[in-house]
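Peer 1: Turn this into a model:
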Amino acid sequence: MQTKTEVEEASRRRASPSRRVLDALLLCTGDMEHLDEHMKDAIIEQLPHAEVSGGLHGCNGMLVSLLMGVFSSAGDWYWWLLLPVCLCSATCVFLYSGLTSLLVHWDLPVAVFPFNIIILLFLLCTGPNNPYFPHHPAVPPGVLQPNGTQVIAVEVMYGIPLGVGQIFACDAMGPSLLILGAVVLYSPLLATHALLGSAVGTLAGLSMAVSHDSLYSGLSGFNGALGCMAVGGLFFTFSWTTHLFAIASAFLSAYADIALGNLLGTVGLPACSWAATLTATLMLLLTGSLAAYSIPIGQVKAPEHNLNSRRRQWTAGNTLERDSVV
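Peer 2: You can find the predicted model right below:
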């Protein structure tokens, strides 16, 4: 008897030329199952397939590439920058693998630790006056400005959605709204916490009288957005308890970002997303009421999916308890 695959292959050979062209196009769309199977044996480091297909390694490489382009002062079309971009992005994969073997003992995510480490190492190695790969020095957010307490309310409000766009180094309103829309499609709960965290980060920036550029461009809000998203449904099941902790995480991430920005800015380095990454890691290490809502790292998915899974577990547990009583 022919297997299902053999039958499908035979029918594909008998199909019309137009049908074969359509089938070929479908190989490059959707889940691309054939390419997915092929790539399992083309992976150099043989890392877990779930990590690769889930984009965990590509995320850090993408962020490194974005920030290298943003900070580069060699022009918009400096093609030689592709060399360190490829090298640093590939290095993120090896660093991710090494950190995984360390953090797995505490069931902690590697998250964007590789991105934060690699981008700082690159900027330290090159410097603003490097003849081949110069970059713009970062300015501390707490730098004094004339009339530092007089802000434009509308521009501050614009900075809240821009804080979500700054997660991907975007400081334009249109693309930032598209990014926010994409987050809404993936998870409305995550998008809500992103905006909430950005608003909290902006409020923290106002309370510390950070530079107007940080407020207006969304730089004050993006670490707050990341910290709020991490606790408000991503690594923890959503509830009123985790919602309050998410707000606290947003405040802590925002204030830590200001402190790190002032510290690293003295040597011309950006704080990147160190504040949110360290804050989320701290929250995952906490014991007590928050730990009860923690999701095992291997089971983290969209917040709504995490919430439904926890509800099913609660329902199953209550059913077993009632059956045991009967």
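
Peer 1: contacting residues around the closest residue in space to Ile179 that isn't next to it in sequence?
Peer 2: Computed as C-beta to C-beta, 6 or more residues apart in numbering, the closest residue to Ile179 that is not its neighbour in sequence is Gly165, at 5.3 Å. Yep, even glycine has a C-beta here, placed from its N, CA and C like the rest. By C-beta atoms under 8 Å, 6 or more residues apart in numbering, Gly165 lies in contact with Asp171, Ala172, Met173, Pro175, Ser176, Leu177, Ile179, Leu180, Gly218.

Peer 1: Are any of those buried, and if so which?
Peer 2: Applying 16 or more other C-beta atoms under 10 Å to these, the neighbour count classes Asp171, Ser176, Ile179, Leu180, Gly218 as buried.

Peer 1: State the pLDDT value of the residue nearest to Ile179.
Peer 2: Note for Gly165: predicted pLDDT of 95.

Peer 1: In a strand, it, correct?
Peer 2: No. Secondary structure assignment (DSSP: H, G, I helix; E, B strand; the rest coil) places Gly165 in helix, not in a strand.

Peer 1: picking that back up, among the contacts of Gly165, which two are most distant?
Peer 2: Asp171 and Leu180 (13.9 Å; C-beta to C-beta).

Peer 1: tell me the phi and psi of His135?
Peer 2: phi -140, psi 160 (degrees, to the nearest 10).

Peer 1: got a list of what it touches?
Peer 2: Neighbouring residues of His135 by C-beta under 8 Å, 6+ apart: Met68, Phe71, Ser72, Ser73, Leu123, Thr126, Gly127, Pro128.

Peer 1: Make CSV out of the residues you listed and add neighbour count and secondary structure.
Peer 2: As requested, those are arranged in CSV below (neighbours: other C-beta atoms under 10 Å; DSSP: H, G, I helix; E, B strand; the rest coil):
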residue, neighbour count, secondary structure
Met68, 22, helix
Phe71, 22, helix
Ser72, 19, strand
Ser73, 13, coil
Leu123, 25, helix
Thr126, 18, helix
Gly127, 13, coil
Pro128, 13, coil
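
Peer 1: Pick the one among those closest to Thr277.
Peer 2: Closest approach between the contacts of His135 and Thr277, by C-beta to C-beta: Leu123, at 17.1 Å.

Peer 1: ok so, going back, out of the contacts of His135, flag the one nearest to Met283.
Peer 2: So of the contacts of His135, ranked by how close each gets to Met283 (C-beta to C-beta), first place is Leu123, at 27.8 Å.

Peer 1: my guess is the closest one contacts Phe71, does it?
Peer 2: Yes. Leu123 is within contact range of Phe71, at 6.6 Å (criterion: C-beta atoms under 8 Å).

Peer 1: Give me the common contacts of those two.
Peer 2: With C-beta under 8 Å, 6+ apart, Leu123 and Phe71 have common neighbours His135, Pro270.

Peer 1: about what we covered before: could you find the lowest-pLDDT member of the contacts of His135?
Peer 2: Of all of the contacts of His135, Gly127 carries the lowest confidence score, 88.

Peer 1: who touches that residue in this structure?
Peer 2: Contacts of Gly127 by C-beta under 8 Å, 6+ apart are Pro134, His135, Gly268.

Peer 1: Once you drop chain neighbours, what's closest to the first one?
Peer 2: Once its chain neighbours are removed from consideration, Pro134 has its nearest residue in Ser73; the separation is 4.7 Å (C-beta to C-beta, 6+ apart).

Peer 1: just to revisit the earlier point, will you turn the contacts of His135 into TSV that also has distance to Leu195?
Peer 2: Below are the contacts of His135 laid out as TSV (distance: C-beta to C-beta, whole Å):
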residue	distance to Leu195
Met68	28
Phe71	27
Ser72	30
Ser73	32
Leu123	30
Thr126	35
Gly127	37
Pro128	34
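
Peer 1: Val110: which of these is nearest?
Peer 2: Nearest to Val110 among those, with distances taken as C-beta to C-beta, is Met68, at 20.2 Å.

Peer 1: Give me the below-cutoff pLDDT ranges for the stretch 101-250 of the chain.
Peer 2: Under the criterion pLDDT under 70, the flagged ranges of the stretch 101-250 of the chain are 144-149.

Peer 1: Tell me how this structure divides into domains.
Peer 2: 49-126, 153-313 (automatic domain parsing).

Peer 1: For Val139, which of those domains is the nearest?
Peer 2: domain 153-313 (6.0 Å).

Peer 1: helices and strands around the longest helix along the chain, which ones?
Peer 2: If you go by DSSP state H, the chain has its longest helix at helix 240-265. Secondary-structure packing of helix 240-265 (3 or more C-beta pairs under 8 Å, 6 or more residues apart in numbering; DSSP states H and E): helix 188-207, helix 222-229, helix 274-285.
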